[in-house]
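J.: this one's sequence-less:
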């Protein structure tokens, strides 16, 4: 059996749709498929701890397939050169030196990495070896680091990657304002900050006014002026609280061409604070999608849907039918709200799908 004699673009479409197991099976049938399958099999590498374990018995080392993958990549540079993205999940590993050694070996073995996603638990000490290795990745475009302790040297590593387009940072310890220094020169398309990093968005988006498309922050949110970010379409704010609701609304209201806004989660107290501030009237008229499982009184919801001048471009509204601490909507209220939404051309959704 030999590969079919089809144009390469057709073969690419066929093989791009196959799962890794199917690609590997083809190689067992005929070694002639190896040149086609290898770049796809090695383009993304997962390094992780075992998935199935008792809740109180988190494994402290890599699973067997991950150990084998790492050994192969370190021993065979021609295969490591095919790796473009990696996902490393080692939250349960408590040995900081071991984690840093794994990360350093992986990053150094794969110089063509364009996407690095690392989730570890090293808040107690900076990952010096990883920082040095990351600095050598000249093609890096996407970087997600969760659970690392950051300091001024780590920020210098970010500044060494002006080509970055997507950045996600999470940790309990973020640099102080005196350690920030000059903002990185990269022009981000996506930024996700959680934990202690949530208040540093202004630093990382300083040069992204015309490129930033997606911004996700965790509460409490600092007051951000996003009026000059003309490419920003998607804003998500996690962990919204009653005290941070006003700042979140103010931040969302000054995004000139906002398309999708997500507040998550929104409990009854937060919903009441949003409703009292009549936040819907403060959002940009460009908004098309409002989510997620928002909870409001029937009267506020009905008034918003019946006022066609309010959010004139709204297409979908993620609205909870059941309201914790208040009970569910009555049948007649659901009927009224659905009728108002249909007349307006707005699709109502909840966790189960369409209303």
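T.: Noted; the coordinates are in hand. Computed from a prediction, not measured in an experiment: that's the story for all the values here.
J.: Grab the most central residue of this protein for me.
T.: The chain has residue 192 as the residue nearest its centroid, 6.0 Å off, counting by Cα atoms, centre = their mean.
J.: need the contact list for that one.
T.: Taking Cβ atoms under 8 Å, 6 or more residues apart in numbering, we find residue 192 in contact with 144, 167-170, 214-217. Just so you know, the C-beta spots here come from the backbone N, C-alpha and C atoms, and that holds for glycine as well.
J.: Ok, residue 343 next?
T.: Contacts of residue 343 by Cβ under 8 Å, 6+ apart are residue 305.
J.: Report the buried residues of the strand or helix carrying it.
T.: Assigned by DSSP states H and E, residue 343 belongs to helix 331-344. By neighbour count, with 16 or more other Cβ atoms under 10 Å as the criterion, the buried positions of helix 331-344 are 333, 336-337, 340-341, 344.
J.: likewise stretch 138-157?
T.: Residues of stretch 138-157 classed as buried by neighbour count (16+ other Cβ under 10 Å): 140-150, 154-155, 157.
J.: before we move on, back to that, of the contacts of residue 192, which is the most crowded?
T.: residue 215 (26 neighbours; other Cβ atoms under 10 Å).
J.: just how off-centre is whichever strand or helix holds it within its chain?
T.: Using DSSP H and E, residue 215 sits within strand 214-218. Offset of strand 214-218 from its chain centre (Cα atoms, centre = their mean, to the nearest Å): 8 Å.
J.: just the strands in the stretch 251-355 of the chain please.
T.: Secondary structure of the stretch 251-355 of the chain, counting by DSSP state E, counting those that start in this stretch: strands at 260-264, 289-294, 316-319, 322-323, 327-328, 347-350, 353-354.
J.: which of those strands has the lowest average pLDDT?
T.: The stretch with the lowest mean pLDDT among the strands of the stretch 251-355 of the chain is strand 322-323, at a mean of 60.
J.: hang on, residue 182 packs against residue 156?
T.: No. Applying Cβ atoms under 8 Å as the test, residue 182 and residue 156 come out as separate, 9.6 Å apart.
J.: any idea how the protein splits into domains?
T.: 6-41, 42-193, 252-355 (automatic domain parsing).
J.: Among those, which comes closest to residue 238?
T.: domain 252-355 (5.7 Å; Cβ to Cβ).
J.: how about residue 110, what does it touch?
T.: Going by Cβ under 8 Å, 6+ apart, the list of residues near residue 110 reads 45, 73, 80-81, 83, 86.
J.: what's the most distant pair in these?
T.: Across the contacts of residue 110 (Cβ to Cβ), the longest gap, 13.4 Å, separates 81 and 86.
J.: Those two: which has the busier surroundings?
T.: residue 86 (22 against 15).
J.: Who does the more buried one form a beta bridge with?
T.: The partner list for residue 86 in beta bridges (DSSP bridges) reads residue 45, residue 116.
J.: Tell me how far residue 221 lies from residue 49.
T.: 33 Å (Cβ to Cβ, to the nearest Å).
J.: more crowded one of these two?
T.: Applying other Cβ under 10 Å to residue 221 and residue 49 shows that residue 221 carries more neighbours, namely 25 against 17.
J.: from memory that one sits against residue 244, does it?
T.: Yes. If you go by Cβ under 8 Å, residue 221 and residue 244 touch, sitting 5.8 Å apart.
J.: ok, of the buried residues of helix 331-344, which one's closest to residue 313?
T.: For these, the nearest to residue 313 is residue 344 (11.1 Å; Cβ to Cβ).
J.: so who does that closest one touch?
T.: 305-306, 308, 314.
J.: Most widely separated two among the residues you listed?
T.: Largest pairwise distance in those, by Cβ to Cβ, is 12.4 Å, between 306 and 314.
J.: neighbour count winner among the two?
T.: Neighbour totals were compared for residue 306 and residue 314, and residue 314 leads with 23 against 14 (other Cβ under 10 Å).
J.: How many neighbouring residues does residue 115 have?
T.: 19.
J.: Surely residue 69 is in a helix?
T.: Yes. Assessed with DSSP: H, G, I helix; E, B strand; the rest coil, residue 69 lies in a helix.
J.: Next one, pLDDT for it please.
T.: Residue 69 carries a pLDDT score of 94 in this model.
J.: and what of the one 10 residues further on?
T.: On pLDDT, residue 79 comes in at 95.
J.: quick one on the thing from earlier: so for the strand holding residue 215, mean pLDDT?
T.: Strand 214-218 comes out at a mean pLDDT of 95.
J.: for stretch 48-60, same thing?
T.: Stretch 48-60 comes out at a mean pLDDT of 68.
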